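# sequence and predicted structure are below.
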Amino acid sequence: MIDLNNIEKVYDMGAEKVRALDGVSLKIDKGDYVAVMGPSGSGKSTLMNIVGCLDSPSGGSYQLNTHEVASMEDDELAEIRNREIGFIFQTFNLLPRTDAMQNVELPLVYSGLTKKERRDRAEKALQAVGLGDRMHHKPNEMSGGQRQRVAVARALVNDPSIILADEPTGNLDSRTGDEIMGLLDRLHGDGNTIVLVTHEEFLAERSARIVRLKDGKIVSDERTSATASAG
């Protein structure tokens, strides 16, 4: 599903060149649950942006579902991003003046669906995350956990190939964070492919596999005890 081969990302910082990724090769199969860890500056955010088609690598090859992504133009990247990837962010990234239903509908606006089809799919996604009774509430009328559930529903509404979760519990208290992680566990159990960026070891251990980065390189890639217990 995801096939990164010798990916490099170099940023020009004036006279200095910063190598954020240095020859990263990584394969993620359909249905996998991978946590990406590393200290600040390790390259994990850059890797997430490239996997999510938010940025292009400076070198190497990236194939997503057999599409060669590394050489795509911006409009092609936007199209594959909208079709293949669901994003969950630490800061929720919801539009404050629109209700939950409208926020979840957003990825469908350019899909060619009718208004009723978009509404039906958004309603189904909100029901799936336990927010059937909050569809017409705006973000400021919801708790942090409910807002993150809206973000999860938005990530699911396009039936994406992969869900990218970037520190999804970072702005939540521990109990609410545990509920969101339980939701991700359930989504993985339903067959969704999940890539989780986190700095919390106990969250990473809920995944099936932990990839650790340091100085733009992968230093370890190991299956977790969660895999063994699932097997």
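Happy to help now that I have it.

# and the helices in the protein?
According to DSSP state H, the chain carries its helices in the segments 44-51, 74-84, 100-105, 115-128, 144-156, 174-189, 201-204, 225-230.

# need these in TSV (columns: mean pLDDT, mean neighbour count and distance to residue 165).
Where you see a C-beta, it was placed from the backbone N, CA and C, and this is true even at glycine. Converted to TSV, the helices of the chain look like this (pLDDT from 0 to 100; neighbours: other C-beta atoms under 10 Å; distance: least, C-beta to C-beta, whole Å):
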stretch	mean pLDDT	mean neighbour count	distance to residue 165
helix 44-51	92	22	9
helix 74-84	87	15	15
helix 100-105	96	24	16
helix 115-128	94	17	16
helix 144-156	94	25	8
helix 174-189	91	16	6
helix 201-204	92	15	10
helix 225-230	58	12	16
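
# closest to residue 162 out of those helices?
helix 74-84 (6.6 Å; C-beta to C-beta).

# who's in contact with the residue nearest the centre of the chain?
The residue lying closest to the centre of the chain (C-alpha atoms, centre = their mean) is residue 164, at 1.0 Å. For residue 164, the contact set (C-beta atoms under 8 Å, 6 or more residues apart in numbering) comprises 48, 51, 52, 85, 86, 87, 88, 195, 197.

# which one is residue 110 nearest to, not counting chain neighbours?
Closest residue to residue 110 apart from its sequence neighbours, by C-beta to C-beta, 6 or more residues apart in numbering: residue 82 at 6.5 Å.

# so how far is residue 6 from that neighbour?
With distances taken as C-beta to C-beta, to the nearest Å, residue 82 is found 27 Å from residue 6.

# picking that back up, what about the residue nearest to residue 110, distance to residue 146?
Look at residue 82 and residue 146: by C-beta to C-beta, they are 25 Å apart.
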